[in-house]
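A.B. asks: just a sequence and a predicted model for now, questions to come.
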Amino acid sequence: MTRRGLIAPALGALAAACSPLGLLNAVGPRDPGARRVARGLAYGDHPRQAFDVFAPSTAGAERPLPVLVFFYGGGWDSGSRDVYGWAAQALAAQGFVVAVPDYRLVPEVHFPTFIQDAAAATARVAQIAATYGGDPDRLGVLGHSAGAHLAMMIALDRRYMQAAGAPDLIKAAAGLAGPYEFLPFDVAASVNAFGRAPDPLQTQPLTFARADAPPIWLGHGTADVTVHDEDSILLDARTRELGGRSELTLYPGLTHEDLIATFSPLFRKKAPVLTDVTAFFRRELS
């Protein structure tokens, strides 16, 4: 899923990562001071068009809080919001109202449906944010792996949020270990998700880098063999070249799974990923 391609063994590693993440969600420690405040809120008619909301226990006590929409990864063909409550709670404990949407997956759908779902979910989160102490005028999106692809596509390609009726909604975006330039489609995940696209360039976040995009933050592990750090380096460089605002943080020795696992209290000492990304959002959504 990079310029060199997402290698087949890495796909197996990505699938295997679902089990440890599920274990973290089931029995891992949670950050105190935040909780799930809503479950299964719909943003469409399909069963997977729903999201959960997490918020600090003191949400709305002093003023509305900034809002984050978090998209999980899974190669565009797997994943569930039920596995990522621990990650959402970690973000919420940092002072955000956080929504975690599901989205429709391959093979039931293909590009661009899952990106359209991401945009529709984000627009719906803004509509209900105030109910849970959030400020829809201070909304950011972020994601890990394929979820980072979704976050960057709806932040950079204007068409998706325009179609969702909220063209100026996203104020900042962050990607963790995301695929942003993965042509040609030469492995199953990319072929299955994007192989039918008439113009492959329209599937790539790098295509839509622009000077007037929301500020972006990109984090990547240098030991990532699933999505090489080249993707984040390329998007950061292109954004800066065009005059846009981008921050890039490379984490020495961290793998693909590490970038999201460090959100858990169990692995937080490995790298300050949670601190770095929330500092970015706190600054940009202030």
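C.D. replies: Thanks, I have it.
A.B. asks: low-confidence stretches in the stretch 151-286 of the chain?
C.D. replies: Scanning the stretch 151-286 of the chain for pLDDT under 70 picks out nothing.
A.B. asks: the closest residue to T58 other than its chain neighbours: neighbour count?
C.D. replies: Spatial nearest neighbour of T58, excluding adjacent residues (C-beta to C-beta, 6 or more residues apart in numbering): G33 at 7.7 Å. The way it works is simple: take the backbone N, C-alpha and C, and place the C-beta from them, glycine included. Counted with other C-beta atoms under 10 Å, residues neighbouring G33 total 13.
A.B. asks: mind pulling up the pLDDT for G33?
C.D. replies: For G33, the pLDDT comes out at 93.
A.B. asks: quick one: it and S57 touch, right?
C.D. replies: Yes: in this structure, G33 is within contact of S57 by C-beta atoms under 8 Å, at 5.4 Å.
A.B. asks: all strands for the stretch 51-200 of the chain, in order.
C.D. replies: 65-71, 97-101, 134-144, 170-176 (DSSP state E, counting those that start in this stretch).
A.B. asks: out of those, which is closest to T207?
C.D. replies: Nearest to T207, of all the strands of the stretch 51-200 of the chain, is strand 170-176, at 15.1 Å by C-beta to C-beta.
A.B. asks: now the closest one: buried residues?
C.D. replies: For strand 170-176, burial by neighbour count (16 or more other C-beta atoms under 10 Å) applies to I170, K171, A172, A173, A174, G175, L176.
A.B. asks: where along the stretch 1-150 of the chain do the helices fall?
C.D. replies: Here the stretch 1-150 of the chain has its helices, by DSSP state H, counting those that start in this stretch, at 8-16, 18-27, 85-92, 113-128, 146-156.
A.B. asks: comparing the ones you listed, which comes out most buried?
C.D. replies: helix 146-156 (a mean of 30; mean count of other C-beta atoms under 10 Å).
A.B. asks: check which helices and strands it sits against.
C.D. replies: Helices and strands touching helix 146-156, by 3 or more C-beta pairs under 8 Å, 6 or more residues apart in numbering; DSSP states H and E, are strand 65-71, helix 113-128, strand 134-144, helix 158-163, strand 170-176, strand 216-221.
A.B. asks: mind giving me the packing neighbours of the fifth one?
C.D. replies: It refers to strand 170-176. Secondary-structure packing of strand 170-176 (3+ C-beta pairs under 8 Å, 6+ apart): strand 134-144, helix 146-156, strand 216-221, helix 273-284.
A.B. asks: how near is the closest residue to I115 other than its chain neighbours to D199?
C.D. replies: Nearest non-adjacent residue to I115, counting by C-beta to C-beta, 6+ apart: M153, 4.9 Å away. Distance, M153 to D199, by C-beta to C-beta, to the nearest Å: 14 Å.
A.B. asks: distance of the closest residue to T255 other than its chain neighbours from G143?
C.D. replies: In this structure, T255 finds its nearest non-sequential neighbour in A223, 5.1 Å apart by C-beta to C-beta, 6+ apart. According to C-beta to C-beta, A223 and G143 sit 20 Å apart.
A.B. asks: more neighbours: which of those two?
C.D. replies: G143 (26 against 13).
A.B. asks: report the contact partners of the nearest residue to that one once chain neighbours are set aside.
C.D. replies: Spatial nearest neighbour of G143, excluding adjacent residues (C-beta to C-beta, 6+ apart): F71 at 3.5 Å. For F71, the contact set (C-beta atoms under 8 Å, 6 or more residues apart in numbering) comprises P101, Y103, A118, V141, L142, G143, H144, A146, G147, A148, L150, A151.
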